[in-house]
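Enquirer: Here is a sequence with its predicted model. Questions after.
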Amino acid sequence: MKQDKLTTKENLVPFILITALFFLWGIAHGMLDTLNKHFQEMLELSKAKSGMIQFSTYIAYFTMALPAGYFMRKFGYKKGIILGLSLFAAGALLIAGTASFESFWVFLICLFILGCGLATLETAANPYTTKLGPKETAERRINFSQSFNGLAWVIGPLIGLYIYKGQDAAAGEKMNSMILPYIVIAIVVIAVAVLFVKTPLPAISEEEDGNATDAEGSPDFAFVSKPLISQRHFVLGVIAQFSYVAAQTGVFSYLINYVTDENQRFHVGIEYGIYFLSIGFALFMIGRMSGSYMMRFLSPPRMLALYALMCCLLLPVVSAGIGLVSLICLYGVFFFMSIMFPTIFALGIKDLGPKTKKASSFIVMSIVGGAVFPPVMGLIADKTSMSVGFLATIPFFLFILYFALRGHQVVR
């Protein structure tokens, strides 16, 4: 009989706490995607240069993922989560404390520190979530938790509305509107860190979780002893995650530019661009929640393949710049991207047993795609148009389609 429980009674409280982490880093990312256009206007930056905002955050994932994974292998998931929350809070406080410097580069350094905290949290929370319940519902469980990440992304841009007030401030005060939001974030994150210190969490042992067993129920030593580089589904999962985050970050970062740079078609002023981004994130959240439910009836790889194909079909229409039709298709891309990150993550670490923490670190490292691609997409937009820039994401979705159809299969 197919196992249908999302989690178990004894894991319910830890599952709720871990899901709260997804919400927290979603707030940080949702705010981040409003800042590109803000800094373009406030500090007169090109699209390519404003893409350094995403670079600073996502390069932290590449830098921190392996150290975070090593830390958790030595000290466990709980201490890894507390470390991540501490770095998150420190980065937020530094942004608030240095805002009066009005320096884009100082802001990027503080953002890197905050990004190290986010990387540590993702290295811990994503694999930990897959363990807090039956193996059969791992993909559904991580998609459910990631739904709250999507909810936070809806709220993040609305916080960005407060930050946008700084555009009309006097010289030397243009970044002061960032102080209060980041102080509030730091206080909340510190409070959550204290809650994790006080709350006991179950210690998950990958060696005993039953994820790598043969038909008789004993460990499949020949399989789990293979080095990670020889685990085909894992290697392709790393590439697929790089591809997804590169495409997602590009789409998220430049939606405001898309609706404001095409003023003749959309008649949207810069001050209203954030509302358009929030609508996109709302569809993203709905996609994750509905996707988690639909996985009861359709296998995660098939859903991933269908959603990747839909993105490939919609993006040429987005790039064609056909007014409202193109904007609706762009919102369709938001919806169909929704399940990709958690589903790729769960499929990439499937059946890796004692190598799960290390594998998770590498998959989190692949989030560096979000650092590499936005400046490139911004450069393409600077040279051509924002509409054309969206075409550059299609090859990434094509690889995800291949991973969903063939690459995810575990070869023993």
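Expert: Nice, I can see it.

Enquirer: Give the full set of residues in contact with the closest residue to residue 133 other than its chain neighbours.
Expert: Leaving aside its sequence neighbours, residue 133 sits nearest to residue 7 (Cβ to Cβ, 6 or more residues apart in numbering; 3.8 Å). (Each C-beta comes from the backbone N, C-alpha and C, glycine too.) Counting by Cβ atoms under 8 Å, 6 or more residues apart in numbering, residue 7 makes contact with 15, 132-133, 137, 141.

Enquirer: got it, and residue 185?
Expert: Residue 185 touches 27-28, 89, 92, counting by Cβ under 8 Å, 6+ apart.

Enquirer: and if you look at residue 81?
Expert: Going by Cβ under 8 Å, 6+ apart, residue 81 touches 18, 21, 120-121, 124-125, 196.

Enquirer: then the helix or strand harbouring residue 186 to CSV, C-alphas only?
Expert: Under the criterion of DSSP states H and E, residue 186 resides in helix 179-198. Extracted in CSV, the C-alpha atoms of helix 179-198 (Å, rounded to 0.1, in the frame of the first residue of the first chain):
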residue,chain,number,x,y,z
ILE,A,179,17.8,50.1,8.2
LEU,A,180,14.5,49.3,9.9
PRO,A,181,13.6,46.3,7.7
TYR,A,182,16.9,44.6,8.2
ILE,A,183,16.9,45.3,12.0
VAL,A,184,13.5,43.7,12.3
ILE,A,185,14.7,40.7,10.3
ALA,A,186,17.7,40.3,12.6
ILE,A,187,15.6,40.4,15.7
VAL,A,188,13.2,37.8,14.4
VAL,A,189,16.0,35.5,13.2
ILE,A,190,17.7,35.8,16.7
ALA,A,191,14.4,34.9,18.3
VAL,A,192,14.1,31.8,16.1
ALA,A,193,17.7,30.8,16.9
VAL,A,194,16.9,30.9,20.6
LEU,A,195,13.9,28.8,20.0
PHE,A,196,16.0,26.2,18.2
VAL,A,197,18.5,26.2,21.1
LYS,A,198,15.7,25.5,23.5
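
Enquirer: tell me the mean pLDDT over that helix?
Expert: Computed over helix 179-198, the mean pLDDT rounds to 93.

Enquirer: returning to that earlier point: relative to residue 285, how far out is the residue nearest to residue 133?
Expert: From residue 7 across to residue 285, the span is 20 Å (Cβ to Cβ, to the nearest Å).

Enquirer: Could you do residue 302 as well?
Expert: The gap separating residue 302 from residue 285 is 22 Å, by Cβ to Cβ.

Enquirer: quick one: the helices in the stretch 251-400 of the chain?
Expert: Secondary structure of the stretch 251-400 of the chain (DSSP state H, counting those that start in this stretch): helices at 263-266, 273-294, 300-320, 323-337, 340-348, 356-365, 369-383, 386-389, 394-402.
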